[in-house]
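K.L.:
pasting the sequence and the predicted model now:
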Amino acid sequence: MRIAFVINQFPPNITAGLGRYAELITPHLARDHELEIYTLNDGQQPVDEQVDGITVYRPRTPLLRGRRLNRTRRAEFLLLALSVVVSNLRYVLRLRRGKRPDLVAVHDSTNFLSGLLCHYVLRLPVVFHVHTTEYGVAPQRSITDPLNLFAALERWLARISRRVVVATPEVRDQVVAAGWTRTPIDVVPLGGTFEPVLAGLDRQSLRAAAAARRLELGLSEADRVLLFVGRIERQKGVYQLLEAMRAAAAAVPGLHLVIVGEGDELGVRRIANSAGLRGRVLTSGRFVQGRELLEYYELADACVFPSLFEPFGLVATEAMALGRATILGDGFSRIFLGPDPARPAARFVRASEPADIARGVIEVMTGTALRRALGDRGERFVRENLSWDRAAADTIEAYRAALKPRRGAVKP
């Protein structure tokens, strides 16, 4: 099968979970199929490149010019959106000139222009991957859209697509409730972020590096570390977490919250200082990945991701894969409870209620046996249930179904 993959992030341009998804699933897809990637260029990558047998096309635009854009800031989000639209036009021109693919996989609705033009102009089958619902479907959205234009645009893109692919049953239910009922929907859970890394991981070396990083952060061996990884913005539950830290810090001696990610760092510092948490909340000030990110997870006693919504949430797989007790907001899928809800793989909290986040944090941080049990169950859940090989196989199955005549039923 010849597949055109339209996606905003691809290595080395990784700034969020979407980039990690592209990095991890594409080698499996390219193993038995011809894969072409159409992606953004920050001005520092070649336009045409072969990466491990995958053709990568990154058209340059004058809008980025090597800048790293922080999409949590309105002006930079708009600049990024404009760059996506311009790049989408160039993707379609390239597809029109080149060898015709069997289908076009459009990742997220920001690439709507490629999807619509491929369908209406190039007459190509389109599969729509939904990696986020924060623009037009989720109850709490990251953009202001009083006329619901983005929601209508997403429904349009879903309607012209042969299949819609989502990562969890909860996202499927969300989009069906939003009126996406004319296209079959496939649920394809993702793999674990660190799946390729863990096989050859030198844990002793990682522990030593993590201990050194604790010292760099000014943390003693006696300090308790609660780790948050992700964009610093409202949808990730950061502000509710900071409010919860007042009660948690009072109940857990030496508790420190370490926030790894980019976004509203100034807001975090302002809220922490006004809450009397000066020195108890530390931030990386930037997006972190690779070995450095592993070190942050290793130095943590527990991890907390109180997201108001998550289409999947690869950060949960990262923390759990490394055996870290993990606290999740109820915006995460219930698949992270594991196969036996009576022995959950993660501690769930109500993300909109700081008091409930605080209760979860206190329970986990003061309960040594609970931390160990959650860490063991989480690691086992990721190892036994999440696989990129399986995710790729299920994705190819959805693509094959997309090439058959449409029947208009939601696949359970």
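P.N.:
All right, it came through fine.
K.L.:
alpha carbons only for contacts and neighbour counts from here, please
P.N.:
Noted.
K.L.:
measure residue 376 to residue 94 for me?
P.N.:
Note on residue 376: its distance to residue 94, by Cα to Cα, to the nearest Å, is 48 Å.
K.L.:
where's residue 371, which helix or strand?
P.N.:
Secondary structure assignment for residue 371, by DSSP states H and E: helix 368-385.
K.L.:
any idea which element residue 220 lies in?
P.N.:
Secondary structure from DSSP H and E places residue 220 outside every helix and strand.
K.L.:
confirm for me that it is in contact with residue 211.
P.N.:
No - counting by Cα atoms under 8 Å, residue 220 does not reach residue 211; the two are 9.3 Å apart.
K.L.:
and the two? Which one has more around it.
P.N.:
Set residue 220 next to residue 211 and count neighbours by other Cα atoms under 10 Å: residue 211 wins out with 18 against 12.
K.L.:
got the contact list for that one?
P.N.:
By Cα atoms under 8 Å, 6 or more residues apart in numbering, the contact set of residue 211 is residue 299.
K.L.:
any idea how far it lies from residue 378?
P.N.:
23 Å.
K.L.:
ok, which stretches of the stretch 101-250 of the chain are strands?
P.N.:
According to DSSP state E, counting those that start in this stretch, the stretch 101-250 of the chain carries its strands in the segments 103-107, 126-129, 163-166, 185-187, 224-229.
K.L.:
just give me the neighbour total for the closest residue to residue 172 other than its chain neighbours.
P.N.:
With Cα to Cα, 6 or more residues apart in numbering as the criterion, residue 172 has its nearest non-adjacent residue at 6.4 Å, and that residue is residue 166. Using other Cα under 10 Å, residue 166 has 23 neighbouring residues.
K.L.:
pretty sure residue 166 sits against residue 184.
P.N.:
No - counting by Cα under 8 Å, residue 166 stays clear of residue 184, with 10.9 Å between them.
K.L.:
just send the strands of the stretch 101-250 of the chain back as JSON lines, with mean pLDDT too.
P.N.:
JSON lines is the format used below for the strands of the stretch 101-250 of the chain (pLDDT from 0 to 100):
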{"stretch": "strand 103-107", "mean pLDDT": "98"}
{"stretch": "strand 126-129", "mean pLDDT": "98"}
{"stretch": "strand 163-166", "mean pLDDT": "97"}
{"stretch": "strand 185-187", "mean pLDDT": "97"}
{"stretch": "strand 224-229", "mean pLDDT": "97"}
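K.L.:
can you redo those strands as a markdown table with distance to residue 193?
P.N.:
Listed next are the strands of the stretch 101-250 of the chain as a markdown table, based on distance: least, Cα to Cα, whole Å:
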| stretch | distance to residue 193 |
| --- | --- |
| strand 103-107 | 18 |
| strand 126-129 | 18 |
| strand 163-166 | 17 |
| strand 185-187 | 18 |
| strand 224-229 | 13 |
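K.L.:
could you list the low-pLDDT ranges of the stretch 51-200 of the chain?
P.N.:
The stretch 51-200 of the chain contains residues with pLDDT under 70 at 63-77, 136, 138-146.
K.L.:
how about the helices in it?
P.N.:
74-97, 112-120, 149-160, 169-177, 195-198 (DSSP state H, counting those that start in this stretch).
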